[in-house]
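1. Give me the fold of what follows.
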Amino acid sequence: MPMRAFESGNFSAAPLDRANVDTDQLIPARFLKRPRDERYPTYLFHDIRRTEDGDLDPDFILNRQPWNDAEVLIADRNFGCGSSREAAVYVLLDSGFRAVIAPSFGDIFYSNSMKNGFLPIRLSTEICGILRGGIRSGQGGKVSIDLVEQTVTGPDDQSYKFEISAFHKHCLLEGLDDIGFTLAQKTKIEAADLQRDVSMPWFKAANSI
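-> Residues are numbered from 1 along each chain as shown. Coordinates of the predicted model:
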């Protein structure tokens with residue numbers, strides 16, 4: 001599936017008061033062999049958003065209006081820890097989420113997010129708590145994410161700066177995964193090959209044998 005460029009804007013947000021949300025909570029292992037089709041969003045938080053009878057738990061935040069249509073999760077520390085399943089990012093994207101804001105992330109989840117056009121934003125525990133509180137007290141609300149300026153603005157119009165590497169920022173804005181980024185360098189790669197052939201003719205001869 002082509003990687004979608006991240007477009008800054010205002011997003012409906014949901015507060016998730018859970019630390020250490022691991023990838024098996026995001027998508028249980030038994031669903032990993034399922035095709036990425038229209039059923040995929042039903043796997044998100046499958047086991048913790050349902051009761052023992054299999055019904056949707058009305059107490060789970062994403063089962064309640066207005067948060068059931070959220071595009072951004074405001075979470076707690078160590079989001080996306082656990083096993084290295086890329087499907088944890090797929091299921092968030094396919095459920096309509098564009099970003100997660102948390103104090104910290106599992107390293108592999110963070111990397112997989114960047115490679116799939118999903119924005120993980122690190123903000124302090126205090127700031128994440130303020131954002132969750134503002135969204136909850138207003139019974140809904142939006143956060144503004146400006147990737148170019150690297151800011152998050154909460155429902156109280158307070159803005160917070162976040163850090164992101166220049167490489168990841170470029171790829172997200174341009175919608176480039178690892179393959180797309182490499183293909184975008186095609187002209188430079190071909191020019192480097194020609195320069196090498198001129199400066200090291202022995203290399204070309206050795207590889208033509």
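2. correct me, but Gly175 touches Gly117?
-> Yes - Gly175 is in contact with Gly117 according to C-beta atoms under 8 Å; the separation is 6.3 Å. (Glycine included, C-beta is placed from N, CA and C.)
3. Have a look at these two and say which one is more surrounded.
-> For Gly175 versus Gly117, neighbours defined as other C-beta atoms under 10 Å are more numerous around Gly117 (20 against 14).
4. What strand or helix carries that one?
-> Under the criterion DSSP states H and E, no helix or strand holds Gly117.
5. So for it, what pLDDT did the model give?
-> Looking at Gly117, its pLDDT reads 94.
6. Check the one 5 residues further on too.
-> Model confidence at Arg122, expressed as pLDDT, equals 98.
7. buried stuff in stretch 83-95?
-> Arg85, Glu86, Ala87, Ala88, Val89, Tyr90, Val91, Leu92, Leu93, Asp94, Ser95 (16 or more other C-beta atoms under 10 Å).
8. so where's this structure uncertain?
-> 179-186, 189-194, 202-209 (pLDDT under 70).
9. in terms of contact count, name the helices or strands touching the strand ranked longest in the chain.
-> Selection of the longest strand in the chain by residue count, based on DSSP state E, yields strand 9-15. Contacting strand 9-15 under the criterion 3 or more C-beta pairs under 8 Å, 6 or more residues apart in numbering; DSSP states H and E are the following elements: strand 72-74, helix 125-137, strand 142-146.
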